[in-house]
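>>> after the sequence you'll find the predicted model.
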Amino acid sequence: MDKLTCAFLGRIGLPELILILVIILLLFGAKKLPEIAKSLGIGLREFKKSVNDITSDTQENAKPEENSDAASKPDASAKHNKG
């Protein structure tokens, strides 16, 4: 697998990545690239943190519901034995 696969871009190889980096360099200049990279890194870190928080909240909320459903439902064998 010498190429990266993206859902919306297809296959991206080394020549395509170099071309993208050159275009970014021409658009923003060499002085702005560290700033852009830093802000991109901070944004990605915050995004990952948010996704992890949402995932953990969802898992925490799902566990009590499963337990409460089992506790609130009467046992089927108890109904059968009463009758």
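Yep, it's here.
>>> for the host helix or strand of residue 21, buried residues please.
Assigned by DSSP states H and E, residue 21 belongs to helix 14-28. Going by neighbour count (16 or more other CB atoms under 10 Å), nothing in helix 14-28 comes out as buried. No exception for glycine: its C-beta is placed from N, CA and C like everyone else's.
>>> how close does residue 55 get to residue 41?
In this view, residue 55 and residue 41 are 21 Å apart by CB to CB, to the nearest Å.
>>> related to what we said a few turns ago, could you list every helix and strand in contact with the helix holding residue 21?
helix 33-72 (3 or more CB pairs under 8 Å, 6 or more residues apart in numbering; DSSP states H and E).
>>> just give the number of residues close to residue 35.
10 (other CB atoms under 10 Å).
>>> and the pLDDT for it?
On pLDDT, residue 35 comes in at 90.
>>> could you do the one 3 residues further on as well?
According to the prediction, residue 38 has pLDDT 93.
>>> cool, and the one 3 residues further on?
Reading off the confidence values, residue 41 has pLDDT 93.
>>> burial of it, as a residue count?
10.
>>> within the helices and strands, which one has residue 11?
Going by DSSP H and E, residue 11 is in strand 10-12.
>>> pairing partners for that strand, with directions?
Pairing partners of strand 10-12, with direction, according to DSSP bridges: strand 4-6 (antiparallel).
>>> now do the helix holding residue 21: everything it contacts.
Under the criterion CB atoms under 8 Å, 6 or more residues apart in numbering, residues 33, 36 lie in contact with helix 14-28.
>>> number the chain from 807, please
Okay, residue one is now 807; in that scheme the one you just asked about reads as helix 820-834.
>>> just want the angle from that helix to helix 839-878.
Orientation check (axes from the mean of the first three to the mean of the last three CA atoms, to 10 degrees): helix 820-834 against helix 839-878 gives 110 degrees.
>>> same question for helix 820-834, mean pLDDT?
Helix 820-834 comes out at a mean pLDDT of 89.
>>> how is the chain divided into domains?
If you go by automatic domain parsing, the domain ranges for the chain are 807-835, 837-880.
>>> just give the nearest non-adjacent residue to residue 839, would you?
Distances taken as CB to CB, 6 or more residues apart in numbering place residue 831 nearest to residue 839, at 6.8 Å, with adjacent residues excluded.
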